[in-house]
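Novice: Have a look; sequence and predicted model below, questions after that.
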Amino acid sequence: MTVTETDLIEEFVNTLHKHPGGNGDELLASPRELARWLRRHGLLETGDVSEADVVRVAELRESLRTLLLENNAVEIDARPAWAVLDDAARRGRIELRFANGGPQLVVAADGVDGAIGRIGVLVQRAIVEGTWPRLKACRARDCEWAFQDNAKNQSRAWCSMRSCGNREKARAFRRRHGTSS
């Protein structure tokens, strides 16, 4: 199975798993965990990772989550999220190169700046290839798990009907019928 741009973006956003009624699991909580995750996914080749890098990467991840919520028709101001992605591209020193007769974006920065630049390149490729709109975040605000909407009409709203979908439909039913719990 080939890992696509959207697969890696989805996995990156899902490094924070919110749980209904809980704080969630953070997979990138320390410089060591962040370095391990980035290296395992081929995004970081060299360099140390600092606490400040952990904060910047978390900001990028949450900005991507915001953009995925926007892809799922959640009314949200996405301008700050695009600005974070723009900053990641600038820090990553993304350059247009022509190799073997074709254009490609190349990240010139090393370290974590290079890693976040590579994530920016993945987003750009997904947008160009038309797969970006299918990448969404669950509309349930206590979940917001990233998923790929492969429904023919791209109408999925929740990560899973078994959990978030059923919970949200039950809430809507209670609101319509004036019941509580």
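Specialist: Okay, I see it. All values derive from a computational prediction rather than experimental measurement.
Novice: what's the distance between V13 and R176?
Specialist: Using Cβ to Cβ, to the nearest Å, V13 is found at 32 Å from R176. (Each C-beta comes from the backbone N, C-alpha and C, glycine too.)
Novice: hey, where'd the strands end up in the protein?
Specialist: For the chain, the strands defined by DSSP state E occupy 16-17, 25-26, 94-99, 102-107, 135-137, 146-148.
Novice: Of the ones you listed, which is nearest T66?
Specialist: strand 135-137 (8.1 Å; Cβ to Cβ).
Novice: Return the distance of the lengthiest helix in the chain from the chain's centre.
Specialist: When the chain is parsed with DSSP state H, its longest helix is helix 51-71. How far helix 51-71 lies from its chain's middle: 7 Å, per Cα atoms, centre = their mean, to the nearest Å.
Novice: list the helices and strands that helix packs on?
Specialist: The contact analysis (3 or more Cβ pairs under 8 Å, 6 or more residues apart in numbering; DSSP states H and E) places helix 51-71 against helix 5-13, strand 16-17, helix 31-40, helix 79-91, helix 111-129, strand 135-137, strand 146-148.
Novice: Comparing these, which comes out most buried?
Specialist: Highest mean neighbour count of those: strand 135-137, a mean of 26 (counted as mean count of other Cβ atoms under 10 Å).
Novice: got a list of contacts for it?
Specialist: 6, 9-10, 13, 65, 68-69, 71-72, 74, 126, 144-149, 156 (Cβ atoms under 8 Å, 6 or more residues apart in numbering).
Novice: 10 Å instead?
Specialist: Strand 135-137 is contacted from outside by 4-7, 9-10, 13-14, 64-74, 76, 123, 126-127, 143-149, 154, 156-159, using Cβ atoms under 10 Å, 6 or more residues apart in numbering.
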